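In: Generate a structure from the sequence data that follows.
(chains A, B, C and D)
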There are 2 protein chains.
Amino acid sequence: MHEKERNRIILSAVQDRPVVTVLDLCSMTGASEATIRRDISALHEAKKLRRVRGGVEALHPNQLPGLAGRPFAVNEAINIAQKQAIARRAVELCDEGEPIIINGGTTTFQMVHPLATRRCQVFTNSFPIAEHLLKNSKNTVLMSGGVIYREQNIVLSPFDNDVTRNFYARRMFMGAQGVGPLGVMEADPLIIQAEQKLIGQADEVVLLVDSGKFEERSSLVLCPLKDIDVLITDDGISDRSAAMVESADIKLIVVPVGASKEEAVS
Amino acid sequence: MHEKERNRIILSAVQDRPVVTVLDLCSMTGASEATIRRDISALHEAKKLRRVRGGVEALHPNQLPGLAGRPFAVNEAINIAQKQAIARRAVELCDEGEPIIINGGTTTFQMVHPLATRRCQVFTNSFPIAEHLLKNSKNTVLMSGGVIYREQNIVLSPFDNDVTRNFYARRMFMGAQGVGPLGVMEADPLIIQAEQKLIGQADEVVLLVDSGKFEERSSLVLCPLKDIDVLITDDGISDRSAAMVESADIKLIVVPVGASKEEAVS
DNA sequence: TCACAAACAATCACAAATGATCATTATGGA
DNA sequence: TCCATAATGATCATTTGTGATTGTTTGTGA
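Out: Numbering: from 1, shown residues only, chains lettered A, B, ... in the order given. Next comes the predicted model:
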């Protein structure tokens, strides 16, 4: 086995586990301890990994600074005022005790705060939403089952025949990456899969998007506009976008940002 | 066990409870007090946690103050050393990358700490277990879907045709309220439902019970002893109980509490 | 305040990991 | 074919981490 091969094995192994011992690497490569140590020294010098007593560890202290890896956090901060206002208006649509579905997303996540005082039946595929509602509210919480994807913060089952199919709600709330004449757009295929599972499980589909989303374009169309019944956005929406929404026979709710109670319904 | 692994376990444990004692960490890692203290000193210097007399506490006073209502917490404290030792032994049964099922419960919950250094595929019906593994490990986490019951801290679907039926694991780990000649006993009908769904989804069923559980009696029999393949308990088990277990053709693993490495297999 | 127990710090012995040295084995070119 | 060089493996001395022991401090309850 050549040096290059060993190095690839070592670098590969160190990605998988927090620490890999020299002996582990010996049995993986068939080389002796001395050789492995020399390789490690070289890779350490080349800053490809970090040597620690007992073995090696990945140089990039791969995630695990505590919380679930989140591009969530980065999205969470932007347009936070709009998102909160929109989310609050969305919760106002719900009656007490009503069954609702909340899709994962940073805008929909903001619904948890106004929901804290409610007692609805909430079905969600978002782990953070379920967690927050569990800990801070008395709502009944239901979750879909499946793999929990850290990056997207959602739970997605590879199978179709799960709880999701048996929960039927008054309303379903979802966010999106962008909205255009072609329909509702999302960037992540996983999120699309998750949301498509839930569309159709409610009488009314409510889309929560801040006004900036009307300018965004994304590669994948989640669903056409006709699938949406209600759209809640902030007062930054252009007349052109508003016209587009209304022409698609969607009930448009515009929330004034900063203020809260007033609304404009068309 | 290497320093990095211990550190991860320590950091994982300190997320779980406000304060963790040195002895707790010993039973979780199998290391001596001296080593744990040294690790704590290092982590303290690195500002990863705060050392207090008697143990350590999280640096970031753990998220929510109010927190999930947990009757969990009351059970959690009792026989903690035994539970930790048993849970650690249970994790040792698992190979890296293996699919496993972990049922909800206070004993099985302790498996999350040794699992912090692993990368298994973990399927669970326990919200706290899923949450902890998500936030403190790189394991792939799968959850069953359904209603999240606050009191029991488990997720239970009223339907049979969910993800659960499609996940097949090498081992399934479960706790119990009591063990007797009649079988494994549980008090809560919900927990029984949840566990029965999962028995049969694994090659091997492993029961984790501290030795006190052999004296307990409970109203409901979850399953007969013959359904159990392996039973892990602590060295407080009586000869009579041990004989009962062995006569049921169960592989008995007795974990010495306080000590660490040795074991007795029959 | 005192006494007692638990937690902690310091020290030492031991074992594991490591680095250095030297012998052996491949590799490539004349 | 032979030599030169580099890579590898083995051996031994050294360093470092670990665990046990002992002594000291701190906290607690009488």
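In: For the stretch 51-200 of chain A, which residue gets nearest to DNA strand D?
Out: A:R53 (4.3 Å; CB to the nearest atom of the strand). Bear in mind the C-beta positions are built from the backbone N, C-alpha and C, glycine included.
In: Which residues of chain A lie near DNA strand D?
Out: Residues of chain A that fall close to DNA strand D, judged by CB under 7 Å from any atom of the strand: A:M1, A:H2, A:E3, A:R6, A:G30, A:A31, A:S32, A:A34, A:T35, A:R38, A:R53.
In: top of those residues by neighbour count?
Out: Per-residue neighbour counts (other CB atoms under 10 Å in any protein chain shown) across the residues of chain A next to DNA strand D peak at A:R6, which has 21 neighbours.
In: give me every residue that touches that residue.
Out: Contacts for A:R6 (CB atoms under 8 Å, 6 or more residues apart in numbering or on different chains) come out as A:L25, A:T29, A:A31, A:T35, A:I36, A:D39.
In: my hunch is that the fifth one is in a helix, does that hold up?
Out: Yes. According to DSSP: H, G, I helix; E, B strand; the rest coil, A:I36 belongs to a helix.
In: isn't it right next to A:T29, touching?
Out: Yes. Contact status for A:I36 versus A:T29: in contact at 6.9 Å, counting by CB atoms under 8 Å.
In: Mind picking the two most distant members of the residues of chain A next to DNA strand D?
Out: Greatest spatial distance in the residues of chain A next to DNA strand D: A:H2 and A:R53, 27.4 Å, computed using CB to CB.
In: Centre of chain A to the edge, which residue is at the far end?
Out: Relative to the mean C-alpha coordinate of chain A, counting by CA atoms, centre = their mean, the farthest residue is A:A34 (46.1 Å).
In: what about it, distance to A:H2?
Out: Counting by CB to CB, to the nearest Å, the gap from A:A34 to A:H2 is 16 Å.
In: returning to that earlier point: which one is the residue of the stretch 51-200 of chain A closest to DNA strand D nearest to, not counting chain neighbours?
Out: Nearest non-adjacent residue to A:R53, counting by CB to CB, 6 or more residues apart in numbering or on different chains: B:E3, 7.1 Å away.
In: List the contacts of A:L142.
Out: A:L142 neighbours (CB under 8 Å, 6+ apart): A:Q121, A:V122, A:F123, A:T124, A:V163, A:F167, B:G145, B:G146, B:V147, B:I148.
In: ditto for A:K138
Out: Counting by CB under 8 Å, 6+ apart, A:K138 touches A:R119.
In: List phi and psi for it.
Out: Backbone torsions of A:K138, given as degrees, to the nearest 10, read phi -110, psi 10.
In: which SS class is A:P158?
Out: Per three-state DSSP, the secondary structure class of A:P158 is coil.
In: which residues does the nearest residue to it once chain neighbours are set aside form a beta bridge with?
Out: Closest residue to A:P158 apart from its sequence neighbours, by CB to CB, 6+ apart: A:G146 at 6.7 Å. The bridge-partner assignment for A:G146, based on DSSP bridges, gives B:M143.
In: did I read that right, A:I148 in a strand?
Out: Yes. Assessed by three-state DSSP, A:I148 belongs to a strand.
In: Excluding chain neighbours, what is closest to the residue in the stretch 101-250 of chain A that chain B sits nearest to?
Out: Minimum separation of the stretch 101-250 of chain A from chain B (CB to the nearest CB) falls at A:G145, amounting to 2.8 Å. With sequence-adjacent residues excluded and distances taken as CB to CB, 6+ apart, A:G145 is closest to B:G145, at 2.8 Å.
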